[in-house]
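**Student:** Predicted model and sequence below, questions to follow.
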There are 2 protein chains.
Amino acid sequence: MTNWQGIEEAFRAKGLRVTPQRSLVFRIVQKMGAEHPSAEAVHLWATRHMPTLSLRTVYAILDELEGLNTIRSIDLGTGSKRFCVNPHLHHHLVCDRCGKIKDVFVDVPPVEVPPEQRRGFSVRQQEVVFRGQCAYCRS
Amino acid sequence: MTNWQGIEEAFRAKGLRVTPQRSLVFRIVQKMGAEHPSAEAVHLWATRHMPTLSLRTVYAILDELEGLNTIRSIDLGTGSKRFCVNPHLHHHLVCDRCGKIKDVFVDVPPVEVPPEQRRGFSVRQQEVVFRGQCAYCRS
DNA sequence: CCTCTAGCCAACAACAATTGTTGATGAAAT
DNA sequence: ATTTCATCAACAATTGTTGTTGGCTAGAGG
Ligand SMILES: [Mn+2]
Ligand SMILES: [Mn+2]
Ligand SMILES: [Zn+2]
Ligand SMILES: [Zn+2]
């Protein structure tokens, strides 16, 4: 569900109204998707179009969108939750210095964790985090 | 450097004195290594032997140990920095619910990120995060 | 058109993990 | 003996986030 039509449906299906705020936050987060914005970053941009939009509401709507499975929140140790809009399986590249995040679409063969290492854990997903420095931070 | 002899040297080489607090924190973090304790967790245990040891000092000493490369701090989105004592290359298994962390020693073939996806990033390391649920949280 | 309510707002408070600060005290190094 | 470092208690401050409250408004349902 990455198109606005679908989201409208999904909102209503959950008994949530389709408001200008929800619409705006959705569109902003889609547009910014590639940079994996934080809630603050979404708010910063959103307020250019709707100056009264509160940060609190942005947090709330991002939570809702996550509940609808239209976005996913990730925490890669950059100091804040970041939002990921790409529904396909992928991995991430993180800048050690500024926290920039980029999607990485590479095939990583699934790794089987041997039972003696699992220690009772059930493994649901496996993600790869690539760490390094972005072009900007390297100069 | 995982033995106390080496650490004593390393401390002194940096102009840091070898104190009972530094010794204790080091020994605790080594002993707890497998659970990847947070600073709070280290403090909780340490105060059993030295009740006056302040949390502030634990934070400071953990920072120093990280500076000496005897431990590594990792943030896997569990809400706090966790400390890893195993110097060998390895990966991590994280419980979605309680945040428990386990080491995973499996060979993961290095993945080459194609330049058009790197977008100017330099990739320094690649780590795999396995997410799931621990035995306890699953019951 | 009227009513009811969800959603939003501002304006806070609270939170948790972490870092900063300060002045006093004690121990180690010189 | 003197200087310096380390630690302590006791706070304050910071950051990202969530909770709360009372008032206002727009829209869904009648
Ligand atoms: Mn992503
Ligand atoms: Mn580890
Ligand atoms: Zn950067
Ligand atoms: Zn668990």
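**Tutor:** Sure, I can see it. Ligands and ions are numbered 1, 2, ... in the order given.
**Student:** and the residue lying closest to A:Gln30 once chain neighbours are set aside, how many residues sit next to it?
**Tutor:** Spatial nearest neighbour of A:Gln30, chain neighbours left out: A:Val85 (5.8 Å); criterion: C-beta to C-beta, 6 or more residues apart in numbering or on different chains. C-beta coordinates here come from the backbone N, C-alpha and C atoms, glycine included. Residue neighbour count, defined by other C-beta atoms under 10 Å in any protein chain shown, stands at 19 for A:Val85.
**Student:** Which single residue of chain A approaches DNA strand C most closely?
**Tutor:** A:Thr57 (2.8 Å; C-beta to the nearest atom of the strand).
**Student:** confidence score at that residue?
**Tutor:** pLDDT, A:Thr57: 98.
**Student:** In three-state terms, label it for me.
**Tutor:** helix (DSSP: H, G, I helix; E, B strand; the rest coil).
**Student:** Roughly how far does A:Leu68 sit from ligand 4?
**Tutor:** As judged by C-beta to the ion, to the nearest Å, A:Leu68 and ligand 4 stand 26 Å apart.
**Student:** I figured that residue hits A:Gly6, correct?
**Tutor:** No: the pair A:Leu68 and A:Gly6 does not pass the contact test of C-beta atoms under 8 Å, sitting 9.2 Å apart.
**Student:** Quick check on those two: which one has the bigger neighbour count.
**Tutor:** Neighbour comparison, A:Leu68 and A:Gly6: the larger count goes to A:Leu68, with 18 against 12 (by other C-beta under 10 Å).
**Student:** Stretch A:21-33 and DNA strand C in contact?
**Tutor:** Yes: Stretch A:21-33 reaches DNA strand C (C-beta under 7 Å from any atom of the strand) through A:21-22.
**Student:** quick one: that stretch to chain centroid distance?
**Tutor:** Its chain's average C-alpha position is 12 Å from that of stretch A:21-33, according to C-alpha atoms, centre = their mean, to the nearest Å.
**Student:** Now do the buried residues in that stretch.
**Tutor:** Buried residues in stretch A:21-33, counted by 16 or more other C-beta atoms under 10 Å in any protein chain shown: A:21-26, A:28-30, A:32-33.
**Student:** model confidence over it, on average?
**Tutor:** Averaged across stretch A:21-33, the pLDDT comes to 97.
**Student:** list the contacts for A:Tyr59?
**Tutor:** By C-beta atoms under 8 Å, 6 or more residues apart in numbering or on different chains, the contact list for A:Tyr59 reads A:Ala39.
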